[in-house]
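> Show me how the following folds:
(chains A and B)
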Amino acid sequence: AQTVTQSQPEMSVQEAETVTLSCTYDTSESDYYLFWYKQPPSRQMILVIRQEAYKQQNATENRFSVNFQKAAKSFSLKISDSQLGDAAMYFCAYTHTGTASKLTFGTGTRLQVTL
Amino acid sequence: GAVVSQHPSRVICKSGTSVKIECRSLDFQATTMFWYRQFPKQSLMLMATSNEGSKATYEQGVEKDKFLINHASLTLSTLTVTSAHPEDSSFYICSAASILSGAGNEKLFFGSGTQLSVL
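Reported below is the predicted structural model:
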């Protein structure tokens, strides 16, 4: 069974600084997708970034980028120029195909952004 | 972007009653919808996968007779918590899969969730 591990229950970053959230996963599949989702206090799940396992290039979305290390099964999220609105729970997630497959979520990292 | 509407956002009910939660895809057809459960300060746990026109597939440990799922159309899936008890109190979230036209790519869109409190 696939598992997703987030070893940092809480993280804190100062506004405008950079923070990296860690995620590791375990799978025997070769073709899969990885995601980072943000859940603000409203509890609405928001897709932050998506990475296809067959792509070597790390995904980037504005201030958000990932460091995808397939051999190490590591998928960290870097948030640059942190903003107060980035404060939320962040979940790493995995699905073994890109076609409407169920997501396996990590336990989440609560990110605080301080002034 | 695609929108998934989930209602109600919050419901309080008495123990022993049944509660229905609706999940609608507003501007796309969703052949597959997923139902998750989230306890306070915990992650989302998949309960079941709902396919239009067929029986839902439940995850291990989820009681299918307690959590009834119906996916009668391409835009609507419902989760009914039958004979609810206080331990069923939780945050329930649906998600729907959309094939974005021209992208050849499927993405998941989440509803805003339902907080169920059983007294």
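
> Alpha carbons only: can I get stretch B:71-84 in PDB?
Extracted in PDB, the C-alpha atoms of stretch B:71-84 (Å, rounded to 0.1, in the frame of the first residue of the first chain):
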ATOM      1  CA  HIS B  71     -24.200   8.800  -7.700                       C
ATOM      2  CA  ALA B  72     -27.200   8.900  -9.900                       C
ATOM      3  CA  SER B  73     -26.100  11.500 -12.400                       C
ATOM      4  CA  LEU B  74     -22.900  12.900 -13.800                       C
ATOM      5  CA  THR B  75     -23.200  16.000 -11.700                       C
ATOM      6  CA  LEU B  76     -24.500  14.800  -8.300                       C
ATOM      7  CA  SER B  77     -23.300  12.400  -5.600                       C
ATOM      8  CA  THR B  78     -24.800  12.100  -2.200                       C
ATOM      9  CA  LEU B  79     -23.600  10.700   1.100                       C
ATOM     10  CA  THR B  80     -26.100   9.700   3.600                       C
ATOM     11  CA  VAL B  81     -25.000   9.000   7.200                       C
ATOM     12  CA  THR B  82     -27.600   6.600   8.500                       C
ATOM     13  CA  SER B  83     -28.500   6.400  12.200                       C
ATOM     14  CA  ALA B  84     -25.800   8.900  13.000                       C
END
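
> Going by neighbour count, list what's buried in it.
Neighbour counts over stretch B:71-84 (16 or more other Cβ atoms under 10 Å in any protein chain shown) mark B:71, B:75-79, B:81, B:84 as buried. Every residue, glycine included, has its C-beta placed from N, CA and C.

> Strands of chain B, residue ranges please.
B:4-7, B:10-13, B:19-25, B:32-38, B:44-51, B:57-58, B:67-73, B:76-81, B:90-100, B:105-110, B:114-118 (DSSP state E).

> Adding mean pLDDT and distance to residue A:58 as columns, could you present the ones you listed in JSON lines?
Formatted as JSON lines, the strands of chain B follow (pLDDT from 0 to 100; distance: least, Cβ to Cβ, whole Å):
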{"stretch": "strand B:4-7", "mean pLDDT": "95", "distance to residue A:58": "29"}
{"stretch": "strand B:10-13", "mean pLDDT": "97", "distance to residue A:58": "39"}
{"stretch": "strand B:19-25", "mean pLDDT": "96", "distance to residue A:58": "31"}
{"stretch": "strand B:32-38", "mean pLDDT": "93", "distance to residue A:58": "27"}
{"stretch": "strand B:44-51", "mean pLDDT": "92", "distance to residue A:58": "25"}
{"stretch": "strand B:57-58", "mean pLDDT": "94", "distance to residue A:58": "33"}
{"stretch": "strand B:67-73", "mean pLDDT": "91", "distance to residue A:58": "36"}
{"stretch": "strand B:76-81", "mean pLDDT": "95", "distance to residue A:58": "35"}
{"stretch": "strand B:90-100", "mean pLDDT": "87", "distance to residue A:58": "23"}
{"stretch": "strand B:105-110", "mean pLDDT": "77", "distance to residue A:58": "18"}
{"stretch": "strand B:114-118", "mean pLDDT": "97", "distance to residue A:58": "36"}
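
> That's all I had, so thanks and see you.
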